[in-house]
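A.B. asks: using only what follows, build the 3D model:
(chains A and B)
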Amino acid sequence: MTIYSFHIFDRTGRSLFQKEWLRPKPSTMDKEQEKKLLFGMVHSIKSFVDKMSPVDGKDGFKFAGSYTTSKYKLHFYETPTGLQLIMMTDTIVGLVTDTLKKIYASVYVKYGVRNPLVDLTSPIESNLFATKLDELVTNLPFYLPLAT
Amino acid sequence: MTIYSVYVVNKAGGLIFQYDHSRPSQENEKTFSYPLELKLEPQSDGVSVVFGQRDGIKIGHVVLSVNGKQAHGKKLEDGADIMQVISEEENYPISIKFGRPVLTSNQKIMMASMFHSLYAISVQLSPEHKSSGIHKLEVDTFSLQCYQTQTGVKFIVISDPRQIGVDLLLHKLYAIYSDFALKNPFYSLEMPIRAKLFDVNVKSSVEQIEKTGTVV
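C.D. replies: Below you'll find the model as predicted:
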């Protein structure tokens, strides 16, 4: 039960934060391109889900869910302000939406937004933010550091 | 617990079969008096609600009929323009039916190709070696499950998130495909499937899974 990585993107696709805990397969393209691909993927899934959904969503604007492949699971959660939180875990993990909500509320809002001097459209550089996030994630029941 | 639809996509991403089993009716018909409180705007798939969500009529819903006359895009059956009919005060009180827009066949083909590409990208994004593509996409309103065969054909089923037995259904669909499409000497590979027995069997398997959760 592991968490591979975590990303935060803003409404326009700019990467605000990313953290990788584990990555057995080296990526085939450079970091920037990969982040853009990831954002594009989730953005396309969003419009796909919008069109394909046979029923209206209960809250209308909420976009949260996950997709599973044979080796990993990607979870996405979009806040009402358009901020996208994306987490890649292995396949055994269940619903992560609540965890993503918690990350948003207790780490991003508290340590990322409340500083009035910080520009919300630029990448998050606060060390405290990174530390708090790491703390929250490593305390999750489904995080187990694998010995490589 | 319902199965909404089945899609079969060929190796190149083209849709070769599509079956809608059930579509939950999300239609609301209401009588309105002048002036209309909802803000409507003509868009590519019809006249849709842009502002003024109320009584179950949500943003994104499209005008399905006016006073009993079916709407086709932005016009009614008798050729009248919907926006014009709604803006004239003498037509009130007016009864309008709103509902979620239905996908046209062109849109379905586009969605199938879109999914085909998403499947390929998910393989690239994988942090682990030898990952397959998306075999389950879950959101709170529906769940999409996909089975890709060794030959590259994808069987996609869109169902309620709580539906069980969808993987059995996917394997059964593959068996039906090989029996009624591949074994048909007149069927050309990768082309749309037009075999009556294929449709009949798909329908009966979907019904079986819905009712019992297993398939014979």
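
A.B. asks: all contacts plus neighbour counts: C-alpha atoms, from now on.
C.D. replies: OK.

A.B. asks: my read is that A:Y67 contacts A:Y77, right?
C.D. replies: No. With contact defined as C-alpha atoms under 8 Å, A:Y67 does not reach A:Y77; the gap is 11.9 Å.

A.B. asks: I'd like the average pLDDT over the longest helix along chain B.
C.D. replies: Secondary structure assigned by DSSP state H gives helix B:105-124 as the longest helix of chain B. Mean pLDDT, helix B:105-124: 92.

A.B. asks: do stretch A:74-94 as well
C.D. replies: For stretch A:74-94, the per-residue pLDDT averages 89.

A.B. asks: tell me the buried residues in the helix or strand of chain A at the bottom of the mean pLDDT ranking?
C.D. replies: Using mean pLDDT, DSSP states H and E, the weakest-scoring helix or strand in chain A turns out to be helix A:127-138, at a mean of 83. Buried residues in helix A:127-138, defined by neighbour count with 16 or more other C-alpha atoms under 10 Å in any protein chain shown: A:F129, A:A130, A:K132, A:L133, A:V137, A:T138.

A.B. asks: so what touches it?
C.D. replies: Helix A:127-138 is contacted from outside by A:I103, A:V107, A:Y108, A:Y111, A:G112, A:Y143, A:L144, using C-alpha atoms under 8 Å, 6 or more residues apart in numbering or on different chains.

A.B. asks: buried ones among the residues you listed?
C.D. replies: Using 16+ other C-alpha under 10 Å, the buried ones in those are A:I103, A:V107, A:Y108, A:Y111, A:G112, A:Y143.

A.B. asks: what helix or strand is B:E29 located in?
C.D. replies: strand B:28-32 (DSSP states H and E).

A.B. asks: actually A:V55, not the one I wrote
C.D. replies: Short version: A:V55 belongs to no helix or strand, going by DSSP H and E.

A.B. asks: where's it relative to chain B, distance?
C.D. replies: Distance, A:V55 to chain B, using C-alpha to the nearest C-alpha, to the nearest Å: 6 Å.

A.B. asks: test my guess that that residue contacts B:Y4.
C.D. replies: No. Using C-alpha under 8 Å, A:V55 is not in contact with B:Y4, being 10.1 Å away.

A.B. asks: more neighbours: the two, which one.
C.D. replies: Between A:V55 and B:Y4, counted using other C-alpha atoms under 10 Å in any protein chain shown, the more crowded position is B:Y4 (21 against 15).

A.B. asks: for the more buried one, list the residues it contacts.
C.D. replies: Per C-alpha under 8 Å, 6+ apart, neighbours of B:Y4: A:P54, B:D20, B:H21, B:S22, B:R23, B:V157, B:I158, B:S159, B:D160.

A.B. asks: looking at it now. What's its pLDDT?
C.D. replies: 92.

A.B. asks: quick one: it is in a strand?
C.D. replies: Yes. Looking at B:Y4 with DSSP: H, G, I helix; E, B strand; the rest coil, it is inside a strand.

A.B. asks: residue 5 - how many residues pack around it?
C.D. replies: Using chain A here. By the criterion of other C-alpha under 10 Å, A:S5 has 17 neighbours.

A.B. asks: my question was about chain B
C.D. replies: Based on other C-alpha under 10 Å, the number of other residues close to B:S5 is 18.

A.B. asks: kindly report the same for B:K74.
C.D. replies: Residues near B:K74, counting by other C-alpha under 10 Å: 21.

A.B. asks: what about it, distance to B:F32?
C.D. replies: Remark: distance between B:K74 and B:F32 (C-alpha to C-alpha, to the nearest Å) = 19 Å.

A.B. asks: just checking, B:E77 touches B:V66?
C.D. replies: No. Using C-alpha under 8 Å, B:E77 is not in contact with B:V66; the gap is 9.8 Å.

A.B. asks: neighbour count winner among these two?
C.D. replies: More crowded of B:E77 and B:V66, by other C-alpha under 10 Å: B:V66, with 21 against 14.

A.B. asks: quick one: that one and B:F98 touch, right?
C.D. replies: No. When contacts are counted by C-alpha under 8 Å, B:V66 is not listed as touching B:F98 (9.1 Å).

A.B. asks: where does the residue nearest the centre of chain B sit, in terms of helix or strand?
C.D. replies: Nearest to the mean C-alpha position of chain B, by C-alpha atoms, centre = their mean, lies B:L103 at 5.8 Å. Assigning secondary structure by DSSP H and E places B:L103 outside every helix and strand.

A.B. asks: where's it relative to chain A, distance?
C.D. replies: 8 Å.

A.B. asks: show me what from chain B comes close to chain A.
C.D. replies: B:4, B:23-24, B:26, B:100, B:103, B:111, B:114-115, B:118, B:121-122, B:124-142 (C-alpha under 8 Å from any C-alpha of the partner chain).
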